[in-house]
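Asks: kindly return the folded structure for what I paste below:
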Amino acid sequence: MLIGIVSGIVIVAALSYATGLTKLIRSSFGSSTEYKSSESATAPEFAVGDWINSAPLKLNELRGRVVLIEFWTFGCYNCRNTLPFVKSWHDRYQAKGLTVIGVHSPEFDEERKVENLRREVTSLGILYAVVTDNDYQTWSAYHVEAWPTTFLLDKQGRIRWMHVGEGGYDEAERLIQRLLAEVN
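Replies: Residues are numbered from 1 along each chain as shown. Now for the predicted structure:
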């Protein structure tokens, strides 16, 4: 009987470890999912937070634009590695119909302070909208599990692509171009 209990505990621990390891691998090396428009869910609205570089944005008011949402935190090494690509897409495609929004979901206490976030946004040269998500309401609504996680929404506000971790930059850019070219 004791052997059965110990075996059960070992199996549960191994599965738990494997699940955590899978999340770590996905966040480190990147994992993408593309959705057809017919199977895409409408993206959840943003929870209330402090907005930097923008007045508060509502997704239903951004219909007709492609929206890139990146869940990040300024202390995350992987997030900093994605930043040049996100900034570049904002610079190159904003006038063509792309809106970039950074959802800052903090990992550490110092990242929760909006004055620290404002300083980092300025220091990092981020010019697109950033909203705080200190209570993880938006994070939870999107079922995010790791930093960074990026979503692309089509002009109707439907989630068409999700990427966890670094990488997928060429794939993201091709999809941005394709979504911008789609007719409403």
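
Asks: got the contact list for the nearest residue to residue 76 once chain neighbours are set aside?
Replies: Among residues not flanking residue 76 along the chain, residue 147 sits closest, at 4.4 Å (C-beta to C-beta, 6 or more residues apart in numbering). Every residue, glycine included, has its C-beta placed from N, CA and C. Applying C-beta atoms under 8 Å, 6 or more residues apart in numbering to residue 147 gives the contacts 27, 71, 72, 73, 76, 78, 79, 105, 107.

Asks: so where do the helices sit in the chain?
Replies: Using DSSP state H, the helices of the chain run over residues 2-29, 77-93, 114-123, 137-141, 169-181.

Asks: pLDDT value on the residue nearest to residue 76, please?
Replies: Residue 147 is assigned a predicted lDDT (pLDDT) of 97.

Asks: ok, now how distant is it from residue 51?
Replies: Note on residue 147: its distance to residue 51, by C-beta to C-beta, to the nearest Å, is 20 Å.

Asks: of the contacts of residue 147 - the most surrounded one?
Replies: When neighbours are counted by other C-beta atoms under 10 Å, residue 105 leads those with 27 neighbours.

Asks: so that one sits right up against residue 71, yeah?
Replies: Yes. Using C-beta atoms under 8 Å, residue 105 is in contact with residue 71, at 5.5 Å.
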